[in-house]
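Chemist: What follows is a predicted protein model with its sequence.
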Amino acid sequence: MPANLPPQYYELEREFKREQDPKEKLRLAQELLAMMPKHKGTDKLQAELKAKISKLKLQLELGQQKHGVRHVPTFDHFEREGAGQAILIGPPNSGKSTLLATVTNAHPVVADYPFATREPLAGMMPFETVSIQLIDTPSIAEDFFESFMVNLIRQADTVLLVVDVSSLAMMDDMQIIFKLIEEKRIKLVHAIPASIDDPRFSYKKTLIIAHKALEDDSDNNLKLLHNNFPQFVILPTTILDDKTILNLKKAIFDSLGIIRVYTKRIGHEAVMEYPTILPVGGTVEYAAMTIHKDFAQKLQFARVWGQARFEGQRVKGDFVLSDGDIVEFHI
Ligand SMILES: Nc1nc2c(ncn2[C@@H]2O[C@H](COP(=O)(O)OP(=O)(O)O)[C@@H](O)[C@H]2O)c(=O)[nH]1
Ligand SMILES: [Mg+2]
């Protein structure tokens, strides 16, 4: 059976072969594996690639041991916690660390000098009944783009691009950031396109955070943002106005494309503290699945309170749930 690989695969493979840095080589190998169509015709190729990945991982580990640094922290991955993961990126001094400190339990360094943040840092942001993980990162500039940023951005569910609307350099800064990220084959987009032309690229849903919005001259930059990024969600924020921070939290939740569903047992009240998280479009069956596989199989019907036509409406497994719905499963 032929492997039928897309032309972009071969391009990336050439890049992989040329690459000397083992860390980047590992990343490219993982990217190749992700891109490879999974069928019988590629079984052998997949196995070879997996072997290469193991070898590169071992090589990296051994290299670290040789230099006596066994426990080098890895900055390119954060275990996902809560209902979703959003990453704060942006030019120096735009307010990324300030925002992390304002909306989460984390305590990053906030400073009025550029590049104060050297390492990424995660914090949990409570939003109504869920928590969302936010990751603060070192600033991005023309000559400063940490290699671990690529994986961090790829792994996040949503990108929060924080820019300083009181800065004259704002538009230039943004252009540089879009360019550097696109060079790493990540496209920051207002919405994930339905069909993807080039599988080497990952598309990341991005919110533009127009921070320091109460400063002089910020109106002009805000207009520029709207003119240049007409389709994007643009959120004016400032730590001087709590309402803007509340709007930000809501927008981050909305950008994750998830809904919260509350389950109840027959004859009991719903447990409103612990929602089940589903993707937008999630059905009753999907909700039952997330609780237990058996449960979904045995499901006869469910009753739904919330967006249903009437309270306690009897529905089947294919009923599409909405954020805030309460579901009672009958098996
Ligand atoms: N005027 C104003 N300054 C802010 C605001 N948020 C943060 N700052 C200041 O901007 C500077 C850079 O903040 P920081 O969070 O370290 O930026 P980062 O480099 O993007 O992490 C600090 O001096 C902050 O006090 C804001 O909403 N308005
Ligand atoms: Mg910072």
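Modeler: Structure received. Numbers count the residues shown, from 1 in each chain. Ligands and ions are numbered 1, 2, ... in the order given.

Chemist: From the contact counts, what lies against the biggest helix by length in the chain?
Modeler: Determined from DSSP state H, the single longest helix within the chain is helix 43-66. Judged by 3 or more Cβ pairs under 8 Å, 6 or more residues apart in numbering; DSSP states H and E, the packing partners of helix 43-66 are helix 22-35. In this view, the C-beta of every residue, glycine as well, is placed from N, C-alpha and C.

Chemist: and the residue nearest to F144 when sequence neighbours are not counted, what pLDDT?
Modeler: Closest residue to F144 apart from its sequence neighbours, by Cβ to Cβ, 6 or more residues apart in numbering: F115 at 6.9 Å. Predicted confidence (pLDDT) for F115: 85.

Chemist: quick one: secondary structure of F115?
Modeler: coil (DSSP: H, G, I helix; E, B strand; the rest coil).

Chemist: Kindly report the same for N220.
Modeler: Secondary structure of N220, per three-state DSSP, is helix.

Chemist: and the gap between it and A169?
Modeler: N220 is 13 Å from A169, where distance means Cβ to Cβ, to the nearest Å.

Chemist: circling back: number of nearby residues for the residue nearest to F144?
Modeler: 12 (other Cβ atoms under 10 Å).

Chemist: Check the contact between it and D143; I expect there is one.
Modeler: No: applying Cβ atoms under 8 Å as the test, F115 and D143 come out as separate, 10.9 Å apart.

Chemist: Now stretch 112-121: buried residues?
Modeler: Buried positions in stretch 112-121, judged by neighbour count with 16 or more other Cβ atoms under 10 Å: T117, P120, L121.

Chemist: what's the answer for stretch 139-148, then?
Modeler: Buried, per 16+ other Cβ under 10 Å, within stretch 139-148: S139, I140, A141, F145, E146, F148.

Chemist: farthest pair in the residues you listed?
Modeler: Between any two of the buried residues of stretch 139-148, the greatest separation by Cβ to Cβ is 15.8 Å, found for A141 and F148.

Chemist: Strands of this structure, start to end?
Modeler: 85-89, 121-127, 130-136, 158-164, 186-189, 202-211, 234-237, 258-264, 276-279, 301-305, 313-315, 326-330 (DSSP state E).

Chemist: so who does the residue nearest to F144 touch?
Modeler: P92, P138, S139, F144 (Cβ atoms under 8 Å, 6 or more residues apart in numbering).

Chemist: hang on, the earlier thing: would you convert the strands of the chain into JSON lines that also reports distance to ligand 1?
Modeler: Listed next are these as JSON lines, based on distance: least, Cβ to the nearest ligand atom, whole Å:
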{"stretch": "strand 85-89", "distance to ligand 1": "8"}
{"stretch": "strand 121-127", "distance to ligand 1": "10"}
{"stretch": "strand 130-136", "distance to ligand 1": "7"}
{"stretch": "strand 158-164", "distance to ligand 1": "6"}
{"stretch": "strand 186-189", "distance to ligand 1": "17"}
{"stretch": "strand 202-211", "distance to ligand 1": "6"}
{"stretch": "strand 234-237", "distance to ligand 1": "7"}
{"stretch": "strand 258-264", "distance to ligand 1": "27"}
{"stretch": "strand 276-279", "distance to ligand 1": "29"}
{"stretch": "strand 301-305", "distance to ligand 1": "40"}
{"stretch": "strand 313-315", "distance to ligand 1": "45"}
{"stretch": "strand 326-330", "distance to ligand 1": "38"}
